[in-house]
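Colleague: Got a sequence here, can you build the structure:
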Amino acid sequence: MKVIFDIGHPAHVHLFKHLARLLMEHGHEVLFTARDKEFELQLLEAEGFRYINFGKHYRSLPGKLWGLLRYDLKMLLVGLRFKPDLFISHGTPYAAHAAFLLGAKNLAIEDTGNIEQVILYRPFTDAILTPAVLPKDLGPKQIRYNSYHEIAYLHPEFFTPDPGIRQWLGVGDAEEYAVLRFISWNATHDVGHRGMSAEDKVRLVKQLSKRMRVFITSERGVAEELKPYCLRMPPDKFHHVLHYASLVVSEGTTTAVEAGILGTPCVYVSTFVDPNCQEMEQFGLVFNTTESSKVFELVDKVLAEDRQVYRNRSQTFLATKDNATRFYFDFINSRYAQNGQKHTQPSWQPVS
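Modeller: Numbering: from 1, shown residues only. Alright, predicted model coming up:
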């Protein structure tokens with residue numbers, strides 16, 4: 001079987017990388033396609049995957065409309081040469097449209113349910129896999145499963161933390177540090193939402209830096225006095241940095257969930273209420289607030305607990321979830337097996 005993975009965000013490389021390797025190990029041929037948006041291409045290079053770059057990502061509305069036509073055509077041309085049996089993406093319309101025109105199947109594995117994207121890909125899609133925690137009803141093609149996207153690449157079967165990251169960061173073996181993640185608020189699902197105020201960001205860094213090292217990763221510029229704390233790192237090192245942190249404060253949902261899965265306590269600050277973060281709060285891993293000023297109280301609460309408590313909570317949480325990558329792999333083998341052959345006893349089970 002030939003499979004095209006279409007990448008629309010750096011997180012999608014992480015989401016699909018272990019699935020792609022499992023497919024390759026079982027004799028399937030894999031090709032990635034991507035737009036040059038953030039650091040998708042760097043991640044694909046670091047992972048050693050074969051990929052095709054469709055060019056720069058468009059950010060304006062007219063650019064996005066032009067991009068829909070341009071990338072549709074590029075995907076179709078790639079498909080004509082590669083002749084895929086299956087397209088897999090986080091619900092990109094380009095993969096769905098090309099699959100329809102080429103007579104291939106399209107599988108969407110997504111966890112946002114942004115309706116403006118769903119209406120573009122759903123008519124041309126065979127199945128939509130979503131975490132059970134996603135409250136949105138995406139129609140009869142939706143199949144729910146008991147896991148998160150982030151578990152697909154941070155499950156202990158696939159992720160081993162590198163203790164050498166401390167040396168790379170320049171922190172001692174017992175030295176504590178915090179990671180602060182600020183986002184750009186440019187994504188479609190971020191419109192109308194907010195996180196920490198500029199004043200509270202400065203105040204938080206000043207307070208934390210009295211207790212530990214502070215590293216900032218931001219999608220956009222920060223105040224001049226915060227620039228010395230900004231961390232520039234190869235994107236493939238980020239999860240190792242998260243794992244050994246004593247604390248994460250994040251405006252972004254993905255980083256918050258990643259931290260929780262790794263057993264690193266996180267304060268998630270955003271007016272965007274995320275179901276994953278809400279569920280993880282029940283396990284004492286992610287602490288949610290919509291108010292910038294409440295962050296300080298939650299940080300004190302988190303740091304008052306012993307660090308190992310959060311590692312134990314993470315293990316408890318993971319025991320309640322499926323290994324997402326294994327679920328995807330078994331689903332694909334069962335549904336899209338060559339020559340109509342099906343697994344007689346597939347291990348994947350949807351959530352009713």
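Colleague: Every contact and neighbour count from this point should use C-alpha atoms.
Modeller: Will do.
Colleague: before we move on, which element is residue 287 in?
Modeller: strand 286-289 (DSSP states H and E).
Colleague: Please apply the same query to residue 194.
Modeller: Using DSSP H and E, no helix or strand contains residue 194.
Colleague: same deal with residue 130?
Modeller: strand 127-131.
Colleague: Give me the mean pLDDT for that strand.
Modeller: Per-residue pLDDT over strand 127-131 has a mean of 97.
Colleague: Kindly export it (C-alpha atoms) in CSV.
Modeller: Only the C-alpha atoms of strand 127-131 are listed here, as CSV (Å, rounded to 0.1, in the frame of the first residue of the first chain):
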residue,chain,number,x,y,z
ALA,A,127,-13.5,8.1,8.1
ILE,A,128,-12.7,10.8,10.7
LEU,A,129,-10.9,9.5,13.8
THR,A,130,-11.3,11.7,16.9
PRO,A,131,-10.5,11.4,20.6
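Colleague: can you list the residues that contact it?
Modeller: 106-111, 141-149 (CA atoms under 8 Å, 6 or more residues apart in numbering).
Colleague: now stretch 89-102: how far from the chain's centre is it?
Modeller: Relative to its parent chain, stretch 89-102 has a centroid offset of 20 Å by CA atoms, centre = their mean, to the nearest Å.
Colleague: Would you mark the buried spots in it?
Modeller: 89, 90, 91, 92, 93, 94, 95, 96, 97, 98, 99, 100 (16 or more other CA atoms under 10 Å).
Colleague: List the residues that contact the second one.
Modeller: If you count contacts by CA under 8 Å, 6+ apart, residue 90 has them with 6, 7, 8, 12, 108, 109, 110, 111.
Colleague: least confident pick among the residues you listed?
Modeller: Across the contacts of residue 90, the bottom pLDDT score, 89, is held by residue 8.
Colleague: quick one on the thing from earlier: by neighbours, which of the contacts of strand 127-131 wins?
Modeller: Tallying neighbours with other CA atoms under 10 Å puts residue 106 at the head of the contacts of strand 127-131, with 29 neighbours.
Colleague: Secondary structure element holding that one?
Modeller: Per DSSP H and E: strand 105-109 holds residue 106.
Colleague: quick one on the thing from earlier: beyond the strand holding residue 287, next helix or strand please.
Modeller: Next element after strand 286-289 (DSSP H and E): helix 295-303.
Colleague: Distance from the chain centre to that following helix, please.
Modeller: 25 Å.
Colleague: Show the contacting residues for residue 269.
Modeller: So residue 269 contacts 195, 196, 249, 250, 251, 288, 289, 290, 291, 292, 295 (CA under 8 Å, 6+ apart).
Colleague: May I ask which of those has the most neighbours?
Modeller: Ranked by neighbours (other CA under 10 Å), the contacts of residue 269 are led by residue 250, which has 28 neighbours.
Colleague: show me where this structure has strands.
Modeller: 2-7, 29-36, 51-56, 86-89, 105-109, 127-131, 142-145, 177-182, 213-218, 247-250, 266-269, 286-289 (DSSP state E).
Colleague: for those strands, which one sits closest to residue 326?
Modeller: Ranking these by their distance to residue 326 (criterion: CA to CA) puts strand 142-145 first, at 11.5 Å.
Colleague: if we can go back for a sec, which other helices and strands contact the strand holding residue 106?
Modeller: Applying 3 or more CA pairs under 8 Å, 6 or more residues apart in numbering; DSSP states H and E, one finds that strand 105-109 makes contact with strand 86-89, helix 93-102, strand 127-131.
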